[in-house]
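**Student:** Quick one: sequence and predicted model below, then my questions.
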Amino acid sequence: MAAPSLLVDRHDLRQTRIVDDTREPLPEGAVRLRIDRFALTSNNITYAAFGDAMHYWDFFPSSVEGFGRIPVWGFADVIESRVDGIAPGERFYGYYPMSTEVVLQPVRVGAQGFVDGAPHRAELAAVYNQYLRCSSDPAYRPAHEAQIALLRPLFVTSFLIDDFLADKGFFDAAMVLLSSASSKTAYGTAFCLAQRRGQPGAPRVVGLTSPGNLAFTQRLGVYDEVVTYDAIASLPATSSAVYVDMSGSAPVRAAVHGHWNGHLRYSCAVGGTHWSELGGAKGLPGPRPEFFFAPTQAKKRSGPPPEGWGPGGVFERMRAARDAFMQQVTDARAPWLKIVESHGVDEVRDVYLRLLDGRVDAREGHVVTL
């Protein structure tokens with residue numbers, strides 16, 4: 001029996017290919033899951049844009065030369081198991097390929113879930129290798145699966161960016177600039193930063209966005225100010241700033257660095273939503289941009305005091321922040337998110353290509369089934 005997958009050309013992200021993966025006999029110590037539904041967001045475009053540099057292509061290798069499988073976050077059901085403690089019919093949340101099925105090799109199986117122990121994933125970031133058993137996940141709600149798939153992984157990054165900046169005293173900057181301010185990771189970060197308003201040293205939060213997303217981003221209420229990319233020069237260059245780059249756009253990065261120059265205290269790259277404008281940072285005035293890798297901050301905070309909170313402490317703090325964020329996102333009076341469902345390879349490919357070209361409404365959250 002064949003299982004369709006959507007592959008992407010690793011060097012030309014607009015080129016896609018549908019392949020039928022042959023179902024091989026399941027080996028001892030493995031489980032086969034049918035991937036039911038997953039989120040497609042600009043975060044997945046970032047995975048593709050930085051696929052080589054950050055090893056995102058390595059999680060689910062492709063046998064087709066030059067093509068890769070973009071990882072996604074979603075839900076899958078066990079359809080075959082040769083692992084004690086995991087039964088057919090169980091549902092798991094985690095990191096999957098854009099495929100209809102996946103074979104994993106569970107280790108450390110427990111009440112909460114398991115870790116994929118596949119040898120090729122051993123050296124990859126551990127946070128991506130964990131699979132949560134829905135039946136024992138206190139945050140799981142069947143009616144909120146779409147929101148969980150869309151926002152849980154993104155908000156983890158948002159929470160950790162906010163924590164990292166606070167941990168560094170915001171580099172003594174007066175404002176934090178966020179590009180792609182309408183993206184879910186950006187407004188999750190802005191939400192966390194906004195909770196610090198009124199505290200000593202809390203910076204102003206400024207969103208940078210396109211003209212088409214200006215009104216939406218302003219309505220979120222988490223930014224102190226929102227300006228379009230062509231109005232960056234209208235912001236006060238003498239006020240010290242930190243730049244959190246969600247877009248990856250080289251022209252926007254150059255505009256920010258050129259405008260603030262010595263008043264830019266820190267610059268980091270998080271995303272690549274403007275993947276076609278990616279470029280190097282050589283020769284930029286101000287601090288050299290650094291790549292923010294959320295698992296690094298998560299590992300630090302999972303450690304012992306004084307720098308860490310321990311694994312339980314990280315979970316509790318993140319869950320409290322996420323619950324507050326989810327209440328805002330799903331507020332029936334003014335929801336931030338409109339869930340859009342798609343089914344079948346053609347619809348999924350269409351959503352992917354529209355995300356790639358920036359043609360998805362910022363208010364939409366796409367959850368798809370191959």
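**Tutor:** Alright, I've got the coordinates. Residues are numbered from 1 along each chain as shown.

**Student:** going forward, measure contacts and count neighbours with C-alpha atoms only.
**Tutor:** Fine.

**Student:** and Ile161, that's in a helix?
**Tutor:** Yes - the assignment for Ile161, made by DSSP: H, G, I helix; E, B strand; the rest coil, places it in a helix.

**Student:** Return the residues in contact with the closest residue to it other than its chain neighbours.
**Tutor:** Leaving aside its chain neighbours, Ile161 sits nearest to Thr189 (6.8 Å; criterion: C-alpha to C-alpha, 6 or more residues apart in numbering). Residues touching Thr189, when contacts are defined by C-alpha atoms under 8 Å, 6 or more residues apart in numbering, comprise Phe155, Thr157, Ser158, Phe159, Ile161, Asp162.

**Student:** how near is Thr189 to Leu337?
**Tutor:** Taken as C-alpha to C-alpha, to the nearest Å, the spacing of Thr189 relative to Leu337 amounts to 16 Å.

**Student:** now do Phe114
**Tutor:** Relative to Leu337, Phe114 is positioned 31 Å away (C-alpha to C-alpha).

**Student:** same deal with Leu33?
**Tutor:** Remark: distance between Leu33 and Leu337 (C-alpha to C-alpha) = 29 Å.

**Student:** neighbour count winner among those two?
**Tutor:** The neighbour comparison of Leu33 against Leu337 (other C-alpha atoms under 10 Å) goes to Leu33, with 24 against 18.

**Student:** Tell me if that one really is in a strand.
**Tutor:** Yes - the assignment for Leu33 is a strand, going by three-state DSSP.

**Student:** give me every residue that touches it.
**Tutor:** Residues in contact with Leu33, defined by C-alpha under 8 Å, 6+ apart, are Ala76, Asp77, Val78, Ile79, Glu80, Glu101, Val102, Val103, Leu104.

**Student:** most neighbours, which of these?
**Tutor:** Using other C-alpha under 10 Å as the neighbour criterion, Ala76 leads the contacts of Leu33 with 26 neighbours.

**Student:** how about it, secondary structure?
**Tutor:** Reducing the assignment at Ala76 to three states with three-state DSSP gives strand.

**Student:** What distance do you get for it to Leu104?
**Tutor:** 12 Å.

**Student:** Now Gly365: which helix or strand?
**Tutor:** Taking DSSP states H and E as the definition, one finds Gly365 inside strand 364-369.

**Student:** Can I get that strand in CSV, CA atoms only?
**Tutor:** Included here for strand 364-369 are C-alpha records, laid out as CSV according to Å, rounded to 0.1, in the frame of the first residue of the first chain:
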residue,chain,number,x,y,z
GLU,A,364,-6.1,32.7,8.9
GLY,A,365,-4.7,29.6,10.5
HIS,A,366,-4.4,26.7,8.1
VAL,A,367,-4.9,23.1,9.3
VAL,A,368,-4.6,20.5,6.6
THR,A,369,-5.0,16.8,6.0
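
**Student:** What residues of it count as buried?
**Tutor:** Neighbour counts using 16 or more other C-alpha atoms under 10 Å place Gly365, His366, Val367, Val368, Thr369 of strand 364-369 among the buried residues.

**Student:** for those, which one is nearest Ser234?
**Tutor:** Within the buried residues of strand 364-369, distances to Ser234 taken as C-alpha to C-alpha reach their minimum at Gly365, with 31.7 Å.

**Student:** That closest one contacts Thr41, correct?
**Tutor:** Yes - applying C-alpha atoms under 8 Å as the test, Gly365 and Thr41 come out as touching, 7.3 Å apart.

**Student:** hang on, Trp260 packs against Ala237?
**Tutor:** Yes - counting by C-alpha under 8 Å, Ala237 is a contact partner of Trp260 at 4.9 Å.
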